[in-house]
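Enquirer: Have a look; sequence and predicted model below, questions after that.
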Amino acid sequence: MSQYIHHVPGRIRVRSKAFQCHGERAQQAQIRLLAMDGVRDVKINPRASSILVQYDPECLSRVELFAALEELGCMAPARRDQGHFSSPGETFGKALVGAAVQKVLEHSARSLVGAFV
């Protein structure tokens, strides 16, 4: 299951092929997240299979927010290999590689279009 997470303290964006926040479920997820202490804003984009949450890191930890997103079906559960969660470094590494590949593909697409023009 493919999942992209971009997180900086106070802001998290999750894009996932397993994204389940559509229609009424998206509205309920948004209401529940906004009801959490520390959550400032929630934007759900079903077409892009993504959710953006802005929060106060002084009031809400990343772990608590991830758990809520998992419970609501807005992101897949953390991988549990041999009894442990995937490390933040592993998640960051995957996100970094994904971002690098995306930039290379964007550059290649621009070069290809430029060649035809």
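Expert: Sure, I can see it.

Enquirer: What count of nearby residues applies to the residue nearest to H6 when sequence neighbours are not counted?
Expert: Leaving aside its chain neighbours, H6 sits nearest to R13 (4.6 Å; criterion: C-beta to C-beta, 6 or more residues apart in numbering). Glycine gets a C-beta too; all of them are placed from N, C-alpha and C. By other C-beta atoms under 10 Å, the residues close to R13 number 17.

Enquirer: could you say which helix or strand contains R13?
Expert: strand 11-16 (DSSP states H and E).

Enquirer: Okay, buried residues for that strand please.
Expert: Buried residues in strand 11-16, counted by 16 or more other C-beta atoms under 10 Å: I12, R13, V14, R15, S16.

Enquirer: can you list the domains in this protein?
Expert: Domain assignment of the chain by automatic domain parsing yields the ranges 1-77, 84-117.

Enquirer: Of the ones you listed, which shows the lowest average pLDDT?
Expert: Mean pLDDT is lowest for domain 84-117 among the domains of the chain, at a mean of 64.

Enquirer: ok, the residue nearest to H6 - contacts?
Expert: Residues in contact with R13, defined by C-beta atoms under 8 Å, 6 or more residues apart in numbering, are Y4, I5, H6, H7, S50, I51, L52, V53.

Enquirer: Is it correct that I5 is in contact with V14?
Expert: Yes - the pair I5 / V14 is scored as a contact, 5.3 Å apart, by C-beta atoms under 8 Å.

Enquirer: what are the C-alpha coordinates of the strand holding R13, in CSV please?
Expert: These are the backbone C-alpha positions of strand 11-16, laid out as CSV (Å, rounded to 0.1, in the frame of the first residue of the first chain):
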residue,chain,number,x,y,z
ARG,A,11,1.4,20.5,9.8
ILE,A,12,0.9,17.1,8.3
ARG,A,13,-0.2,16.0,4.8
VAL,A,14,-1.0,12.4,4.0
ARG,A,15,-1.6,11.0,0.6
SER,A,16,-2.5,7.4,0.3
